[in-house]
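[1] I would like the atomic coordinates for the input below:
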Amino acid sequence: MKKLSSILILGGLLAIMIVGVLELPAIGNPDNPSQNEVAQYYINNAIDDTMSPNTVTAVLKYYRGVDTFLEAGVLFTSIVAVISVLRGNKPKNETNEG
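    Below is the predicted model:
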């Protein structure tokens, strides 16, 4: 019974993913969400708004600063997790008194 329910759940998730991929917009279509006015605003106004000499720096530091900071936090957390897993548990020194 467990195996059948697992297969049904995975089949349902697979169907959802297939439908999601089929609903994606066509590549290169000028009406895609990635081709909206936000990118054009960044290109036209980033240097004037932020006084940064570089558009990429302006977007990363000023417009997406919190997002970049949180991504750095996630990377730091993953590094700490990997180090703690690789370090392992060291057995405590057992001393017998008596």
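[2] alpha carbons only for contacts and neighbour counts from here, please
    Fine.
[3] and the gap between the most centrally placed residue in the chain and Asn45?
    Nearest to the mean C-alpha position of the chain, by CA atoms, centre = their mean, lies Glu71 at 7.4 Å. When distance is defined by CA to CA, to the nearest Å, Glu71 is 25 Å away from Asn45.
[4] Ok, Pro25 next?
    Distance of Pro25 to Asn45, computed by CA to CA: 28 Å.
[5] Which parts of the protein are helices?
    2-22, 37-50, 55-58, 65-87 (DSSP state H).
[6] Mean neighbour count, the ones you listed: which tops it?
    Of all the helices of the chain, helix 55-58 carries the top mean neighbour count, a mean of 17, counting by mean count of other CA atoms under 10 Å.
[7] and that helix, C-alpha only, in CSV?
    What follows is helix 55-58 as a C-alpha-only set of coordinates in CSV (Å, rounded to 0.1, in the frame of the first residue of the first chain):
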residue,chain,number,x,y,z
THR,A,55,24.9,49.4,-13.9
VAL,A,56,25.5,45.9,-12.7
THR,A,57,26.9,47.2,-9.4
ALA,A,58,24.0,49.5,-9.0
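[8] I would like the residues contacting that helix, please.
    Under the contact criterion CA atoms under 8 Å, 6 or more residues apart in numbering, helix 55-58 has outside partners Tyr42, Ile43, Ala46, Ile47, Thr50, Ser52.
[9] of all those, which comes closest to Val21?
    Nearest to Val21, judged by CA to CA, of the contacts of helix 55-58 is Tyr42 at 28.7 Å.
[10] how about the residue lying closest to that closest one once chain neighbours are set aside, what does it touch?
    Counting by CA to CA, 6 or more residues apart in numbering, Val59 is the residue found nearest to Tyr42 once chain neighbours are left out, at 7.3 Å. Counting by CA under 8 Å, 6+ apart, Val59 makes contact with Tyr42, Ala46, Gly65.
[11] Return the per-residue confidence for Val59.
    Looking at Val59, its pLDDT is 85.
[12] ditto for Ser52
    The model reports Ser52 with a pLDDT of 86.
[13] What is the burial count for it?
    Using other CA atoms under 10 Å, Ser52 has 15 other residues around it.
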